[in-house]
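> sharing a sequence plus its predicted fold:
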Amino acid sequence: MKKWLKDNRGVLVFILCLGLFRTAIADWNPVPTGSMRPTILEGDVVLVNRLAYDLKVPFTDISLARLGDPQRGDIVTFSSPKDGTRLIKRLVALPGDTVELRNNKLFINAEPALYSDMTDVREPVGFGRSVDAIRVTEDFAGRSRSVQFLPMIDSRSNFGPVVVPADQFFMMGDNRDNSEDSRYIGFVPRKLLIGRAGHILVSADIKDNWHPRFDRTASPLK
């Protein structure tokens with residue numbers, strides 16, 4: 001065993017350093033679901049900045065220092081407060097905000113988001129099937145993103161109003177009618193935030209024999 005450790009110490013040190021890098025500095029996460037469509041597609045691998053908000057003890061949720069404040073509109077990876085599953089959603093409301101949905105229209109502190117550029121699309125669901133979807137540009141507080149609604153799905157299009165507690169956040173998927181987000185799992189404490197997603201590293205269409213999507217490689221997220 002000692003000989004094996006000596007012969008492979010370079011590889012072991014590399015693996016250890018890589019593990020520490022991924023748990024403390026930056027990480028890359030494959031996305032298996034469509035809850036963030038059309039911003040993030042199934043099969044995208046996103047780059048996550050783990051130092052965006054906190055410096056943490058590797059492999060734990062213990063924060064050593066706060067490095068930045070989460071902002072409305074950030075795309076965030078976090079551990080679900082419901083069962084610990086790693087999720088990726090958009091942060092839509094900060095501590096102290098009052099958040100409400102009225103017929104899928106977002107209100108923050110009684111101020112409505114603005115919606116424009118409505119487009120009817122067919123949303124692929126795999127195995128050659130697709131469903132009707134509506135995509136719009138949602139603008140709030142100077143930030144915009146493309147969000148999607150699935151009229152045939154009975155989701156929580158009316159929700160709240162609720163007030164976000166101190167040191168917690170309200171998350172939503174951009175695919176509003178197909179996302180298990182804070183409407184279902186509750187508010188997300190800051191200690192469960194992992195990092196902010198900024199770019200897509202690589203992408204492959206998992207619904208079409210893993211064909212590469214080169215047009216999405218290295219593209220920024222907004």
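Thanks, I have it.
> which stretches of this structure form helices?
Using DSSP state H, the helices of the chain run over residues 2-7, 9-24, 182-185.
> now residue 116: how far from residue 135?
Using C-beta to C-beta, to the nearest Å, residue 116 is found at 11 Å from residue 135. All C-beta spots, glycine's among them, are computed from the backbone N, C-alpha and C.
> in the protein, what spans have low per-residue confidence?
Judged by pLDDT under 70, the chain has its weakly predicted residues at 1-26, 28, 125-128.
> do that again at 50, thanks
Scanning the chain for pLDDT under 50 picks out the ranges 4-24.
> what is the burial count for residue 137?
Neighbour count of residue 137, defined by other C-beta atoms under 10 Å: 15.
> now it, nearest residue through space, not along the chain?
Closest residue to residue 137 apart from its sequence neighbours, by C-beta to C-beta, 6 or more residues apart in numbering: residue 117 at 4.5 Å.
> again, but for residue 88
The shortest distance from residue 88 to any non-neighbouring residue, by C-beta to C-beta, 6+ apart, is to residue 77 (4.9 Å).
> tell me the contacts of that neighbour?
Residue 77 is in contact with 27, 29, 46, 48, 86-88, 193-197, counting by C-beta atoms under 8 Å, 6 or more residues apart in numbering.
> for it, give its distance to residue 40.
Residue 77 sits 11 Å away from residue 40, taking C-beta to C-beta as the criterion.
> and residue 76, what are its bridge partners?
For residue 76, the beta-bridge partners are residue 89, residue 196 (DSSP bridges).
> that one touches residue 89, doesn't it?
Yes - between residue 76 and residue 89 there is a contact under C-beta atoms under 8 Å: 6.4 Å.
> got any residues that touch both of those two?
residue 171.
> any residues in contact with both of residue 77 and residue 40?
The contact sets of residue 77 and residue 40 overlap at 46, 88, 197 (C-beta under 8 Å, 6+ apart).
> buried subset of those residues?
Listed as buried from these are 46, 88, 197; burial here means 16 or more other C-beta atoms under 10 Å.
> give the contact list for the second one.
Same thing as residue 88. 29, 31, 35-36, 40, 46, 75-78, 197.
> good, wrapping up.
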